[in-house]
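> sequence plus the predicted model coming up.
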Amino acid sequence: MVADSWLDQRTDAWLFQRVVEQMPLAVAIWQADTDEPQGLRLVYVNPFNATAAGADLSPFVGMRLPEAFPTLVHTPLPGHIMAVALEHQPEYHETLRSLADGTTEIVFRMDVRPLGRRCALVSYTNVTEQQAADR
């Protein structure tokens, strides 16, 4: 029996970052700066966010939720992300509807999972075609 694999012994943060940057899944990481949902700060988005969400979210990195997405402040979503970041909730899943260009509806499956260090990993999958086929 081998205690550690070769990859485990030689992997560094660079490799993990490259994997996340290359995967065809939109990923964002929120960190809880305070114990209030308004204290969530966007600390990372991978490049696929621009494709999946229809907008480049990288300019919002470093911003708190009210600055980056003021329309979300008064929804239940920040509370769920906060609960997962603080590990009060094991994970959270939701289907979101958004208007990409003001007229075309896009449906996302959002999954929120804890990362530790008061961070939550939020991944988005565009399920618009699947939702349309199910109708």
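Looks like it came in fine.
> CA atoms for contacts and neighbours, from now on please.
OK.
> neighbouring contacts of stretch 127-135?
Residues from elsewhere that reach stretch 127-135, judged by C-alpha atoms under 8 Å, 6 or more residues apart in numbering: 105, 106, 107, 108, 109.
> how about the helices in the chain?
In the chain, the helices defined using DSSP state H lie at 6-10, 13-22, 48-53, 65-68, 77-85, 128-134.
> those: which one's closest to residue 59?
If you check each of the helices of the chain against residue 59 by C-alpha to C-alpha, helix 65-68 wins as the nearest, at 8.9 Å.
> separation between the nearest residue to residue 109 once chain neighbours are set aside and residue 104?
Nearest residue to residue 109 in three dimensions, chain neighbours excluded: residue 95, at 4.5 Å (C-alpha to C-alpha, 6 or more residues apart in numbering). Relative to residue 104, residue 95 is positioned 16 Å away (C-alpha to C-alpha, to the nearest Å).
> same check on residue 84?
Residue 84 sits 31 Å away from residue 104, going by C-alpha to C-alpha.
> who has more neighbours, the two?
Using other C-alpha atoms under 10 Å as the criterion, residue 84 and residue 104 rank with residue 84 on top: 25 against 8.
> okay, the more buried one: pLDDT?
Residue 84 carries a pLDDT value of 98.
> OK, contacts around it?
90, 91, 92, 112, 113, 114, 119, 120.
> ok, residue 57 next?
Counting by C-alpha under 8 Å, 6+ apart, residue 57 has contacts 45, 49, 50.
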